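Colleague: what shape does this take:
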Amino acid sequence: MDNGQLNWVASFIWNIADDVLRDVYVRGKYRDVILPMTVIRRLDAVLEPTKKAVLDMKKKLDAAKIKNQEAALKQASGQAFYNTSPFTLRDLKARAKQQQLKADFETYLDGFSPNVQEILDKFKFRNQIPTLIENDILGHLIEKFLDSSINLSPNPVLDQDGKVKLPGLDNHGMGTIFEELIRRFNEENNEEAGEHFTPRDVVKLMANLIFLPVAGQIESGTYLVYDGACGTGGMLTVAEETLAHLAKEHGKEVAIHLFGQEINPETYAISKADLLLKGEGDEAENFKHGSTLSQDAFPSREFDFMLSNPPYGKSWKTDLQRMGGKAEITDPRFIVQHAGDPEFKLITRSNDGQLMFLVNKLSKMKHGTPLGSRIAEVHNGSSLFTGDAGQGESNIRRWIIENDWLEAIIALPLNMFYNTGIATYIWVLTNRKPKKRKGKVQLIDATQWFKPLRKNLGKKNCELSDDDIDRICKTFLAFKESDQSRIFPNEAFGYWKITVERPLRLRVDLSEAARARFRKTCKEADEEPLGKLVDRIAKTLGPGPHTDFNAFLTAAEADAVSHGVKLTSKRLKLLQTALAEKDPAALPVIRKIHKPGKAELNPIHGRYGVEGDGKPGVVEYEPDPDLRDTEQVPLLEEGGIEAFFRREVLPHAQDAWIDESATKIGYEISFTRYFYKPQPLRTLDEIRADILALEKEAEGLLGEIVGGSVR
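Modeller: Numbers count the residues shown, from 1 in each chain. You can find the predicted model right below:
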């Protein structure tokens, strides 16, 4: 089915909800009934042709007292699931009495195989049966789902002449219908825009991006494909189809195994149902329910290919708490050894965990195979630049780029997704970069390569045509500079964040008024001896003002020794904050004096030369927090940090220095910076014409106002 047909089927099912459930359920609760009933009807349609064979087999097995019946019943049904109840949905449609319908419907549900029972349990569908019976709508609901206008089977419905009356639904088509329904339900509940389905055109592009570069290197064998936020499993299905097709084209025989994890019980149930319908019961066991971040279902697995569209702009605070909190996380996926740091943290802020899903995939890469692993993941723009140097998001980008895993990032057109119109990007990564890509990252601006849709699907108003996908893939594979393709060395995205300090400069006023205020402060702080100390110093030094706080402090220390007063850190703080005042004309406050030969002279990093006792020494000044500033210095800055500092800082602040202990490395990627095209300036004639037009309009409005007031 094409998008129009799929949308029509979804609308038909939505109308069933509005028609049957409207007076019983609020709209936000329609999903509790409609989604499981859609799955049940699809399963029922598939099992109808072999119903008699299953019942006959069940009778034989029971007569022979065979306990383990599952394999034989699956063989009889021709599917990876079965139903041993005596009913189909069509049998139940004719039930007139509600209590009989309830009993028979529950018997029908109980007849499904264990793998289907898990699906029903995740939907919690049995909880809805009493409400449906009490309101006499279960029979009506079944009848609507059996309407001859729709076909939820993977097989086409033929007319009397053998022509296709209603096409069948493949796995992704069924997934699209589910997701369209989920989108509508989410809109009713005002749920997060980050919870959205990946359209088939985007999935196809992602699959091509991870498979095409290695199409000629694929050998016969087994390949594992993984999605840590698999939703209904459609992305894995397309990946499987693409890999199988490419392998066949190159004369290779491959076995492909799919692995997925999904936190939402409904979408997890749908993914399991679709696999069962495809006859892939064993593959369904590789799909797990739970949170990928805090309940990794595949901790020891490594995968050949991985692709995903994780939730973005969505809190992962609950996962963070389950993992012990940010300070206590020990998961080796997110605490790694990098850049000499044995505990390099790859932990984002709790309000957005999308990059954590990417880190999870990178932890599952194969490092001992010729192809290694290839990854494609969708992100919004925040993954490119949020997080300061040293913070989780920046650390993740740094870890990825410094390991040379990032091949490319492709900017997609706006409004590509059903539930959000924001800017989105596909990240392509591998631990087996070809030689020409080593040490480089390609950025592709594909925002203008799309085809408008005739009718919007939610917020999706455009799609990637086959030509658009082909154009993007060719641009990616060509790896050449153009208006839409830019290639940068890895270091182009990195920077040093330096902290620029300037010295604290203090002036001390020892006038009677200033000392009176200080004595009052000391009394309130229960530090009266300090006030008396200052009064004694004033007699020696005079009222001032004194612009050398260091000399004042020396006098204070001498007085303290002679009068048995301890200059505690609290008292020193009071002298600095309650007595002294900042003065840009004062001498810098000394923090530390190094003995000769104990420290190297380095003014750039705040170690200045002084003369003490006739010998040269090194002094460090106390920094003024109010004058503290930071600068970003590109890693590719010619001459490095020092050259930047001498050119950009010292001419404006000659007493500044760099706190080298605070220097951090960060990474960010700005598509705007690299692809921005300034709009041409308007001519003077155009501007003049606009001004005249505005003047004329203003005169007309003024005339109306004045005329109105006269009337």
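Colleague: what about the strands in the stretch 401-550 of the chain?
Modeller: Counting by DSSP state E, counting those that start in this stretch, residue ranges of the strands within the stretch 401-550 of the chain are 406-411, 424-430, 440-445, 451-457, 460-463, 485-489, 494-501, 506-508.
Colleague: partners of the longest one, with directions?
Modeller: By that I understand strand 494-501. Under the criterion DSSP bridges, strand 494-501 sits next to strand 629-634 (antiparallel), strand 657-658 (antiparallel), strand 664-667 (antiparallel) in its sheet.
Colleague: same check on the third one?
Modeller: In the sheet, strand 440-445 lines up against strand 406-411 (parallel), strand 485-489 (antiparallel) (DSSP bridges).
Colleague: the fourth one too?
Modeller: Taking DSSP bridges as the criterion, strand 451-457 sits next to strand 460-463 (antiparallel) in its sheet.
Colleague: nearest to L567 among the strands paired with strand 440-445 would be which one?
Modeller: Nearest of those to L567, taken as Cβ to Cβ: strand 485-489 at 54.2 Å. C-beta coordinates here come from the backbone N, C-alpha and C atoms, glycine included.
Colleague: list the buried residues in that closest one.
Modeller: S485, R486, I487 (16 or more other Cβ atoms under 10 Å).
Colleague: okay, now the closest residue to G216 other than its chain neighbours: neighbour count?
Modeller: What sits nearest to G216 in space, not counting adjacent residues and going by Cβ to Cβ, 6 or more residues apart in numbering, is H250, at 6.6 Å. Counted by other Cβ atoms under 10 Å, the residues lying close to H250 total 14.
Colleague: ditto for D56
Modeller: Neighbours of D56 under the rule other Cβ under 10 Å: 11.
Colleague: show me what contacts the nearest residue to it once chain neighbours are set aside?
Modeller: Take D56 and drop its neighbours on the chain: the residue closest to it by Cβ to Cβ, 6+ apart is A76, 7.5 Å away. With contacts defined as Cβ atoms under 8 Å, 6 or more residues apart in numbering, A76 is in contact with T50, A53, V54, D56, M57, Y82.
Colleague: redo these as JSON lines? Include distance to Q654, pLDDT and secondary structure.
Modeller: Listed next are the contacts of A76 as JSON lines, based on distance: Cβ to Cβ, whole Å; pLDDT from 0 to 100; DSSP: H, G, I helix; E, B strand; the rest coil:
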{"residue": "T50", "distance to Q654": "88", "pLDDT": "94", "secondary structure": "helix"}
{"residue": "A53", "distance to Q654": "92", "pLDDT": "96", "secondary structure": "helix"}
{"residue": "V54", "distance to Q654": "89", "pLDDT": "96", "secondary structure": "helix"}
{"residue": "D56", "distance to Q654": "96", "pLDDT": "95", "secondary structure": "helix"}
{"residue": "M57", "distance to Q654": "92", "pLDDT": "95", "secondary structure": "helix"}
{"residue": "Y82", "distance to Q654": "84", "pLDDT": "93", "secondary structure": "coil"}
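Colleague: export those residues as JSON lines, with columns for distance to A207.
Modeller: Shown next, in JSON lines, are these (distance: Cβ to Cβ, whole Å):
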{"residue": "T50", "distance to A207": "33"}
{"residue": "A53", "distance to A207": "37"}
{"residue": "V54", "distance to A207": "36"}
{"residue": "D56", "distance to A207": "42"}
{"residue": "M57", "distance to A207": "39"}
{"residue": "Y82", "distance to A207": "32"}
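Colleague: which of these has the largest number of neighbours?
Modeller: Comparing the contacts of A76 by number of neighbours (other Cβ under 10 Å), Y82 comes first, having 29 neighbours.
Colleague: got the residue ranges for the helices in the stretch 601-711 of the chain?
Modeller: 640-648, 671-675, 684-710 (DSSP state H, counting those that start in this stretch).
Colleague: how much space between F112 and I400?
Modeller: Counting by Cβ to Cβ, to the nearest Å, the gap from F112 to I400 is 44 Å.
Colleague: burial count for the nearest residue to E280 once chain neighbours are set aside?
Modeller: The spatially closest residue to E280, leaving aside those adjacent along the chain, is A80, at 6.3 Å (Cβ to Cβ, 6+ apart). Counted with other Cβ under 10 Å, residues neighbouring A80 total 19.
Colleague: go on, the one 3 residues further on?
Modeller: With neighbours defined by other Cβ under 10 Å, the count for N83 comes to 27.
Colleague: quickly list what it is bridged to.
Modeller: The partner residues for N83, given DSSP bridges, come to F112.
Colleague: that one is in contact with S113, isn't it?
Modeller: Yes - N83 sits in contact with S113 when judged by Cβ atoms under 8 Å, with a separation of 7.3 Å.
Colleague: ok, back up a step: any buried residues in the helix or strand hosting the residue nearest to D56, and which?
Modeller: If you go by DSSP states H and E, A76 is part of helix 70-77. Neighbour counts over helix 70-77 (16+ other Cβ under 10 Å) mark A72, L73, K74, A76, S77 as buried.
Colleague: what does stretch 677-695 give?
Modeller: Within stretch 677-695, no residue is scored as buried using 16+ other Cβ under 10 Å.
Colleague: stretch 209-228 now?
Modeller: In terms of neighbour count (16+ other Cβ under 10 Å), stretch 209-228 has its buried residues at 209-211, 213-215, 218, 223-228.
Colleague: farthest-apart pair in these, please.
Modeller: Within these, A215 and G228 form the most distant pair, 24.4 Å apart (Cβ to Cβ).
Colleague: one step back: narrow the buried residues of stretch 209-228 to those in strands?
Modeller: Counting by DSSP state E, the part of the buried residues of stretch 209-228 found in strands is Y223, L224, V225, Y226, D227.
Colleague: now those residues in CSV, with distance to D466?
Modeller: Rendered in CSV, the data for those read as follows (distance: Cβ to Cβ, whole Å):
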residue, distance to D466
Y223, 25
L224, 28
V225, 22
Y226, 26
D227, 23
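Colleague: what is the nearest of these to F287?
Modeller: Proximity of these to F287, judged by Cβ to Cβ, is greatest for D227, which lies at 9.4 Å.
Colleague: the closest one pairs with what?
Modeller: Under the criterion used (DSSP bridges), D227 bridges to G260.
Colleague: show me where pLDDT drops low in the stretch 451-600 of the chain?
Modeller: Regions of the stretch 451-600 of the chain meeting the criterion pLDDT under 70 are absent.
Colleague: show me what contacts W496?
Modeller: Here W496 is in contact with A389, Q632, V633, L635, I641, T663, K664, I665, G666 (criterion: Cβ under 8 Å, 6+ apart).
Colleague: which non-adjacent residue is nearest it?
Modeller: Nearest-residue entry for W496: V633, 4.5 Å, with adjacent residues in sequence omitted and distances by Cβ to Cβ, 6+ apart.
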